[in-house]
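In: pasting the sequence and the predicted coordinates here, then a few questions.
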Amino acid sequence: MTPDPSDAELRSILSKYRRVAVVGLSPNPERPSYEIAEYLISQGYDIIGVNPKISGQVLERPCYPTIGEIPVPVEIVDVFRGPEAVPGIVDELLALNLAARPKVLWLQEGITSPEAENRAREAGMIVVSDHCMFKEHSRLFGAG
């Protein structure tokens with residue numbers, strides 16, 4: 001089990017990396033993925049949605065069926081899918097060209113997948129699991 005990232009590490013991640021792919025972004029304003037993406041946009045993050053059931057935009061931001069179809073490199077992949085989806089997401093990330101591979105795999109609260117997380121770490125990604133990006137950002141930066 002890898003220890004939780006320190007506040008300094010979280011602060012560094014949230015300050016340094018600004019382009020976020022939100023995997024499982026919902027067009028429903030009552031869903032956590034929508035609310036958190038909306039908050040991140042308000043804090044200056046560049047949000048790109050990933051949801052194969054949506055074509056077009058969510059929150060006036062582009063939404064793609066897969067991470068691999070995003071035409072620009074993303075820095076953080078923020079996952080709002082069940083733990084069973086994480087190994088496939090990691091497979092998709094590892095299939096990307098190294099230059100296009102995200103720096104951070106962020107699994108929201110309640111989402112863990114130890115084996116997939118280890119594969120992502122071994123490939124050089126920073127992994128944050130079972131943490132809410134909104135809660136951590138607002139706690140560390142006093143926003144929200």
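Out: Yes, it's here.
In: can you give me the helices in the chain?
Out: 7-16, 32-42, 86-95, 114-122, 133-141 (DSSP state H).
In: return the distance of the longest one from the chain's centre.
Out: Relative to its chain's centre, helix 32-42 lies at 12 Å (C-alpha atoms, centre = their mean, to the nearest Å).
In: where does this structure dip in pLDDT?
Out: 1-3, 143-144 (pLDDT under 70).
In: can you tell me the centre-most residue of this protein?
Out: D78 (1.2 Å; C-alpha atoms, centre = their mean).
In: now it, nearest residue through space, not along the chain?
Out: Leaving aside its sequence neighbours, D78 sits nearest to W106 (C-beta to C-beta, 6 or more residues apart in numbering; 4.6 Å). Quick note: C-beta positions are derived from backbone N, CA and C, even for glycine.
In: tell me who's in contact with the one you found.
Out: I76, V77, D78, V79, V127, V128, S129, H131, M133 (C-beta atoms under 8 Å, 6 or more residues apart in numbering).
In: any idea how far it is from P73?
Out: Distance, W106 to P73, using C-beta to C-beta, to the nearest Å: 16 Å.
In: mind putting the helices of the chain in CSV, distance to S55 included?
Out: Converted to CSV, those look like this (distance: least, C-beta to C-beta, whole Å):
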stretch, distance to S55
helix 7-16, 30
helix 32-42, 17
helix 86-95, 19
helix 114-122, 27
helix 133-141, 25
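In: not counting its neighbours along the chain, what's nearest A95?
Out: G68 (6.9 Å).
In: isn't that neighbour right up against L96?
Out: Yes - G68 is within contact range of L96, at 6.4 Å (criterion: C-beta atoms under 8 Å).
In: related to what we said a few turns ago, tell me what the residue nearest to D78 is bridged to.
Out: D78, V128 (DSSP bridges).
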